[in-house]
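J.: I would like to see how this sequence folds:
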Amino acid sequence: MNNPLINPGPGTFFWMLLSFAILVFILGKWGWPMVLKSLKKREEEIADSLSAAEKAREEMRLLKAGNEELLQQAKREREEMLLSARMARDQVIEEAKATATEEARRIIENARESITYEKIKALHELRNEIGNISIEIAEKLLRRELADKERANALIEEELDRIHLN
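T.: The predicted model follows:
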């Protein structure tokens, strides 16, 4: 019962520990900062998108105020120009509303997709981490369970009997 996976020797354990330490160092030095950098960039892009939507709303408000001023001037000049100005104003407002609404919808949709993607990514990383922790726990339990030769032999005999019965 000298299985190196169940009872690793000191040399194997040392090299496994050294390999793990190198991997943690490499990920800590280059991997993790890149992940944090991309998350920060995504956060800035979302903030920029939201500020662009707010700016579009403000421009729409200013455009509406400008149209009302044009309407006052048109009333003073002639009745014909009033009708023309109202039609132009309505058209511009509708186009601005449609454009702003579409832009806001697109920005919100992009933000939702980004959030969904980040959520899925975080869940995937969490599942991977839970799996790794489960493997570590199982490994520790097996080592503790198989530390005693009598218990190890009893467990092996029990499993062999169970396998023959199946």
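J.: mind checking how far the residue nearest the centre of the chain is from Ala111?
T.: Residue closest to the mean C-alpha point of the chain, counted by Cα atoms, centre = their mean, is Glu118 at 0.9 Å. For Glu118, the distance to Ala111 equals 11 Å [Cβ to Cβ, to the nearest Å]. C-beta here means a position set from N, CA and C on the backbone, and glycine is covered the same way.
J.: returning to that earlier point: shouldn't the residue nearest to the centre of the chain be in contact with Arg42?
T.: Yes: between Glu118 and Arg42 there is a contact under Cβ atoms under 8 Å: 7.1 Å.
J.: that older thread, and the residue nearest to the centre of the chain, how close does it get to Thr99?
T.: To Thr99, Glu118 is 28 Å away according to Cβ to Cβ.
J.: Same question for Arg112.
T.: Distance from Arg112 to Thr99, counting by Cβ to Cβ: 20 Å.
J.: the more surrounded of the two?
T.: Thr99 (13 against 10; other Cβ atoms under 10 Å).
J.: Which is the succeeding secondary structure element to the lengthiest helix in the chain?
T.: Counting by DSSP state H, the longest helix found in the chain is helix 79-145. Using DSSP states H and E, the helix or strand that follows helix 79-145 in sequence is helix 149-165.
J.: Please spell out which residues along that next one are buried.
T.: Ala152 (16 or more other Cβ atoms under 10 Å).
J.: Now do that helix: which elements does it pack against?
T.: Under the contact criterion of 3 or more Cβ pairs under 8 Å, 6 or more residues apart in numbering; DSSP states H and E, helix 149-165 touches helix 79-145.
J.: and the helix it packs on, what does it pack onto?
T.: helix 32-77, helix 149-165.
J.: To Pro8, which of these lies closest?
T.: Among these, the nearest to Pro8 by Cβ to Cβ is helix 149-165 (15.0 Å).
J.: could you check the angle helix 79-145 makes with the closest one?
T.: Per axes from the mean of the first three to the mean of the last three Cα atoms, to 10 degrees, the angle that helix 149-165 makes with helix 79-145 is 110 degrees.
J.: Backbone dihedrals for the spatially closest residue to Ile6 that is not a sequence neighbour, please?
T.: Distances taken as Cβ to Cβ, 6 or more residues apart in numbering place Leu146 nearest to Ile6, at 6.0 Å, with adjacent residues excluded. Per-residue torsions, Leu146: phi -100, psi 10 (degrees, to the nearest 10).
J.: Just the element for Ile6, please.
T.: For Ile6, there is no enclosing helix or strand under DSSP H and E.
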